[in-house]
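Enquirer: Show me the folded form of this:
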Amino acid sequence: MSPEYPYPRSVPWLGTLISFDTTSRGSNMALIDHVGGHLRGLGLDPLVVPSSQAGKANLFVTLPASDGSTNGGIMLSGHTDVVPVDGQDWHSDPFAARVENGRLYGRGASDMKAFSAAVLEMLPDFLARPLGVPVHLALTCDEEVGCLGAVELLAELTKRGIRPDKCIVGEPTMMRVISAHKSSNLYRLHFKGVATHSSLTPSGVNAIEYAARAIAFIRSIADGHRTDGPFDHDFDVPFTTASVGKISGGVAVNTVPEHCVVDFEFRTIPADDPALVIARIRDYLDRELVPAMRAENPAAGVELEEVAVVPGLSHLGAKDTEELTRRLLGSTTSDKVAYATEAGIFQQAGIDTVICGPGDLAQAHTANEFIELSQIAALEAFLLDLAAELQRDA
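Expert: Numbering: from 1, shown residues only. Purely as a prediction, here's the structure:
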């Protein structure tokens, strides 16, 4: 990585984190081991929480308050995994950070290793102060595939009786405070029909045709929310959405298809309960679709599989973290976003949570992903202000 001066303190740390290929389909252990060794060198005692997925782990560490307390306080949270670079037209090695024209390029630069790098760089600044409350760092795995690591980490913290009071999730927001996001709910429908030759269609059950009916019903739910609400105009898309993203089934045009699989998702605004949305779909399947299929053949049916559910972040929750973050940034407003993050999981666990981090979400998952160095500098300034704030409360 060729340096560009002046550049923020945490650029070397960011280069190190980017150099670890932590694509979700692989392991993040090399990164976790490296960070853990660094933390132990600072006299800290990191907790490594293995994932149920082989070769992956979450990391949690606490900087105690000046009175030695380790519970409560504020957690700074970032995910370690990144999305694949396969098929993308990168102009340089995506796992070797490159600084050019005020930008740092590399996979995860914006989403979201810059946040974690800055926190790691600034830890000595926090350690040098008599903290009024403990500060925690959480590094999770498998955020990109359903926020799985955060759930596992929280389960272990709960078992140990550890719960921070506040949390800042450092997803890329251009250092804007985000107080709410939609839920994300991914489900899969497995249709089992009865195969037969297409000249004998009454003898079979067409899995694709029944899948089409379910798809039309899901679309009707989406249309209803679009026209009737409820609405929250602080979101870019101010209503709950639903869509089918993938379908597969059939073996030949002259064979009544026995199987069909449909992947769909819905994203709810805080005013909508995702449990009620999926209940409508279950009710349709149980009351209408499955009886119709079994009237043709008792062997037919549908299975509904939950693939990944991430709760929304509600602006109706506690406000202390939002007010603290806005005050340190000199901001008078907060925003809402349509994408889902680990923040909703932390809030559901009783932790007052907001999202605020460097970089632009438009760069996330793209070829030649980059972050502006000025964004990293803004985060570093914020973290120094946060350290001073916590010292003042000591």
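Enquirer: now L127, nearest residue through space, not along the chain?
Expert: In this structure, L127 finds its nearest non-sequential neighbour in L63, 6.1 Å apart by CB to CB, 6 or more residues apart in numbering. Glycine gets a C-beta too; all of them are placed from N, C-alpha and C.
Enquirer: The one you found: neighbour count?
Expert: L63 has 22 neighbours, counted by other CB atoms under 10 Å.
Enquirer: buried sites along the biggest helix by length in the chain?
Expert: Ranked by residue count under DSSP state H, the longest helix found in the chain is helix 207-228. For helix 207-228, a neighbour-count test (16 or more other CB atoms under 10 Å) marks 207-211, 213-215, 217-218, 221-222, 225 as buried.
Enquirer: Give the residue spans of the stretch 251-394 of the chain that score low on pLDDT.
Expert: 392-394 (pLDDT under 70).
Enquirer: All the strands of it, residue numbers only.
Expert: Under the criterion DSSP state E, counting those that start in this stretch, the stretch 251-394 of the chain contains strands at 255-256, 259-267, 301-310, 335-337, 352-355, 370-372.
Enquirer: so what does the shortest one touch, helix or strand wise?
Expert: Yep, that's strand 255-256 we're talking about. Secondary-structure packing of strand 255-256 (3 or more CB pairs under 8 Å, 6 or more residues apart in numbering; DSSP states H and E): strand 196-197.
Enquirer: one more time with 10 Å
Expert: With contacts taken as 3 or more CB pairs under 10 Å, 6 or more residues apart in numbering; DSSP states H and E, strand 255-256 sits against strand 196-197, helix 207-228.
Enquirer: residues touching the residue nearest the centre of the chain, list them.
Expert: Taking CA atoms, centre = their mean, the centroid of the chain lies closest to T341, which sits 3.3 Å from it. Counting by CB atoms under 10 Å, 6 or more residues apart in numbering, T341 touches 77, 79, 112, 143, 147, 150, 169-171, 173, 178, 181, 184, 310, 312-313, 353, 355, 357.
Enquirer: Filter these down to just the ones in helices.
Expert: Judged by DSSP H, helices contain the following of the contacts of T341: A150.
Enquirer: Pull out the buried residues from the contacts of T341.
Expert: Using 16+ other CB under 10 Å as the burial test, the contacts of T341 include 77, 79, 112, 143, 147, 150, 169-171, 173, 178, 181, 184, 310, 312-313, 353, 355, 357 as buried.
Enquirer: Now do the closest residue to G161 other than its chain neighbours against D360, distance only.
Expert: Nearest residue to G161, sequence neighbours excluded (CB to CB, 6+ apart): N71, at 7.4 Å. Using CB to CB, to the nearest Å, N71 is found at 35 Å from D360.
Enquirer: G330 now?
Expert: Applying CB to CB, the value for G330 to D360 is 20 Å.
Enquirer: What of L324?
Expert: Applying CB to CB, the value for L324 to D360 is 24 Å.
Enquirer: Which of these two has more residues huddled nearby?
Expert: L324 (19 against 16).
Enquirer: For that one, which residues are in contact?
Expert: Neighbouring residues of L324 by CB under 10 Å, 6+ apart: I74, K166, I168, V177, D352, V354, L386, E389, L390.
Enquirer: swap in S374?
Expert: By CB under 10 Å, 6+ apart, the contact set of S374 is P8, G102, R103, M175, P358.
Enquirer: and with 8 Å instead?
Expert: G102 (CB atoms under 8 Å, 6 or more residues apart in numbering).
Enquirer: Which stretches in the stretch 51-200 of the chain count as strands?
Expert: Going by DSSP E, counting those that start in this stretch, the stretch 51-200 of the chain shows strands at 57-63, 74-79, 98-100, 103-105, 135-140, 166-169, 178-181, 184-192, 196-197.
Enquirer: just checking, next helix/strand downstream of the longest helix of the chain?
Expert: Helices and strands here follow DSSP states H and E; after helix 207-228, the next one along the chain is strand 241-249.
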